[in-house]
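Novice: Sharing a model that was predicted from the sequence below.
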Amino acid sequence: MHIFKKDLLGNTHMEQELIELNNEAKEEGKKYTKKRFIYPKITAGLGEREHAALVGPRGAGKTILLKQLLADNERAFYVSLDTSRLESGLFKLAKELYDSGTKLLLIDEIHGYPGYDVELKKIYDFLGIKVVLTSSSALILHELAADLSRRMRIISIRPFSFREYMFFQKNEQLEPLRFELIFDENASRDYYGRTLQAEPSFSEYLQGRNYPLALDRQNFLPLFRSMLETVINKDLIRTGEITHDETLHIARLVAFLGKSHPEDMSYTSIAKNIGISRYKAEKYVGLLEKAFVLHRVPPEGHGVMKEPKVLMALPYRLLYRSYDECIGALREDFFVDSAVQLGFDLAYLKTNRGEKTPDYAVGDAVFEIGGPGKGHSQFKGFKMKRKVILTQPGMLDSIRRPLFFMGLLEQGS
């Protein structure tokens, strides 16, 4: 497809098809009246010099965010490089748009365009148009962030927090919780009373409704399976760091994690069970973390093996086991997902003697994750002042708090 056509005088004009796709995207953007909680942060940065890259997993709603930006900005233009071929070049498109008065170029699926990094640098250096882009290949955008350096501002687009899910699915606007209040029993009890109605929806959320694509759908897990296959067989290949043959090992690695409990899940145990070297286990886990499929949590303490604990992002574990079979692991996946999204300095606790310890540390606080039967034994001998058991179903006493509190925390708390 040719993006530009020449008239009899040799002037170039954008093809009508590209304009029609832009208009369709704008109309679609108008239909989405609710905005993600991250939306004000995106719009606040539009006046800055840098371009912006919306980085996040497939299905997290990045395309909808672009279309909402399009609907809210008169001098904006949207193009999806997943469906349009720019044979005349991205820079040439940007220049024609800029010359015609466009101030904001919204590029969806940037990884579909070869040599995008060079073109983006030229746009930044020679044109006054602002670019906001997305990509389903988060791995490529990790490289883009380093390569474009001062030219690109990275904005993380994660799946719904539980508070966002309640807003979009249940139309409930829950007051955010400050992290420090979790450790105050009276404040937590008061907050629990104001959010108790949300708890029945928490099990729905854990079962895959943390993604916008699951809204108003009944059978959505096949969509996650398709996304995972695309990540493994397409996104990882695009990085140039693995071969097609290695995708088989990676698929087996993810399946092994999905069928196992996260306790002591490390590079060594993965390598042993998959039949690959520890080096390859570390490499594959690192790539899958950048693709938002896995999480690595480093250990804390003295005399421990310096291997991270490996968990899955919600809800990928449900592709391999039923909800009831893996509820314990899902609770941990949720806790780690939430901590990562909030930017917490998270570590897991482990000793060489095999004695019981709490699950995770955040600063000077320790957390145990589990069902309502969890007791105080894991905290014995720990000198950290703040100790909390997060339970699902929720309980609240001197040391227990509902697990869903983690999904109601405010950003920056």
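Specialist: Good, I have the coordinates. This is a predicted model, so every value here is computed, not measured.
Novice: can we go C-alpha only for contacts and neighbour counts from here?
Specialist: Fine.
Novice: Do you have the helices of the stretch 201-350 of the chain handy? List them.
Specialist: With helices called from DSSP state H, counting those that start in this stretch, the stretch 201-350 of the chain shows them at 202-204, 221-230, 236-238, 246-259, 267-274, 278-290, 327-342.
Novice: Just give me how far the third one sits from the chain centre.
Specialist: This points to helix 236-238. Between the centre of helix 236-238 and the centre of its host chain there is 19 Å, according to Cα atoms, centre = their mean, to the nearest Å.
Novice: What mean pLDDT does stretch 164-184 get?
Specialist: Averaged across stretch 164-184, the pLDDT comes to 96.
Novice: List the buried residues for it?
Specialist: For stretch 164-184, the neighbour count (16 or more other Cα atoms under 10 Å) marks Glu164, Tyr165, Met166, Phe167, Phe168, Leu177, Phe179, Ile182, Phe183 as buried.
Novice: what's the most distant pair in these?
Specialist: Within the buried residues of stretch 164-184, Phe168 and Phe183 form the most distant pair, 28.5 Å apart (Cα to Cα).
Novice: would you list the helices of the stretch 201-350 of the chain in TSV and tack on mean neighbour count, mean pLDDT and distance to Gly128?
Specialist: As requested, the helices of the stretch 201-350 of the chain are arranged in TSV below (neighbours: other Cα atoms under 10 Å; pLDDT from 0 to 100; distance: least, Cα to Cα, whole Å):
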stretch	mean neighbour count	mean pLDDT	distance to Gly128
helix 202-204	16	95	46
helix 221-230	15	95	35
helix 236-238	19	86	31
helix 246-259	18	96	42
helix 267-274	16	94	47
helix 278-290	18	95	31
helix 327-342	21	95	33
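Novice: Of these, which is nearest Arg151?
Specialist: Per Cα to Cα, nearest to Arg151 of the helices of the stretch 201-350 of the chain: helix 278-290, 21.1 Å.
Novice: circling back: let me have the helices of the stretch 201-350 of the chain in a markdown table, adding distance to Val132 as columns.
Specialist: Shown next, in a markdown table, are the helices of the stretch 201-350 of the chain (distance: least, Cα to Cα, whole Å):
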| stretch | distance to Val132 |
| --- | --- |
| helix 202-204 | 33 |
| helix 221-230 | 23 |
| helix 236-238 | 22 |
| helix 246-259 | 31 |
| helix 267-274 | 37 |
| helix 278-290 | 20 |
| helix 327-342 | 21 |
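Novice: closest one to Phe126 among the ones you listed?
Specialist: helix 236-238 (28.7 Å).
Novice: In this model Met166 seems to touch Glu172, though I could be wrong.
Specialist: Yes. Counting by Cα atoms under 8 Å, Glu172 touches Met166, with 5.5 Å between them.
Novice: Check which helices and strands whichever strand or helix holds Phe367 is in contact with.
Specialist: Phe367 is located in strand 365-370, with elements delineated by DSSP states H and E. Judged by 3 or more Cα pairs under 8 Å, 6 or more residues apart in numbering; DSSP states H and E, strand 365-370 is in contact with helix 327-342, strand 360-362, strand 386-391.
Novice: what is the orientation angle of the first one with strand 386-391?
Specialist: Taking axes from the mean of the first three to the mean of the last three Cα atoms, to 10 degrees, one finds helix 327-342 and strand 386-391 inclined to each other by 130 degrees.
Novice: Using PDB, write out every CA atom in helix 327-342.
Specialist: C-alpha atoms of helix 327-342 as PDB (Å, rounded to 0.1, in the frame of the first residue of the first chain):
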ATOM      1  CA  ILE A 327      -5.500 -20.700  44.400                       C
ATOM      2  CA  GLY A 328      -2.400 -20.500  46.700                       C
ATOM      3  CA  ALA A 329      -0.100 -19.700  43.900                       C
ATOM      4  CA  LEU A 330      -2.500 -17.200  42.400                       C
ATOM      5  CA  ARG A 331      -2.600 -15.300  45.700                       C
ATOM      6  CA  GLU A 332       1.200 -14.900  45.500                       C
ATOM      7  CA  ASP A 333       1.000 -14.000  41.800                       C
ATOM      8  CA  PHE A 334      -1.500 -11.200  42.700                       C
ATOM      9  CA  PHE A 335       0.600  -9.900  45.600                       C
ATOM     10  CA  VAL A 336       3.700  -9.700  43.400                       C
ATOM     11  CA  ASP A 337       1.800  -8.300  40.400                       C
ATOM     12  CA  SER A 338       0.500  -5.500  42.700                       C
ATOM     13  CA  ALA A 339       3.800  -4.800  44.300                       C
ATOM     14  CA  VAL A 340       5.600  -4.500  40.900                       C
ATOM     15  CA  GLN A 341       2.800  -2.200  39.600                       C
ATOM     16  CA  LEU A 342       3.200   0.000  42.700                       C
END
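Novice: Tell me which residues are up against it.
Specialist: Applying Cα atoms under 8 Å, 6 or more residues apart in numbering, the contact partners of helix 327-342 are 158, 161, 206, 261-262, 295, 311-315, 317, 345-346, 369-371, 392, 403, 406-407, 410-413.
Novice: just the second one next, same as before
Specialist: Strand 360-362 is contacted by residues Glu300, Phe344, Asp345, Leu346, Ala347, Tyr348, Leu349, Val366, Phe367, Glu368 when judged by Cα under 8 Å, 6+ apart.
Novice: Most neighbours among those residues, which one is it?
Specialist: If you count neighbours using other Cα atoms under 10 Å, the busiest of the contacts of strand 360-362 is Val366, which has 24 neighbours.
Novice: what sits against the closest residue to that one other than its chain neighbours?
Specialist: Spatial nearest neighbour of Val366, excluding adjacent residues (Cα to Cα, 6 or more residues apart in numbering): Lys387 at 5.0 Å. By Cα under 8 Å, 6+ apart, the residues touching Lys387 are Phe183, Ala365, Val366, Phe367, Phe379, Ile399.
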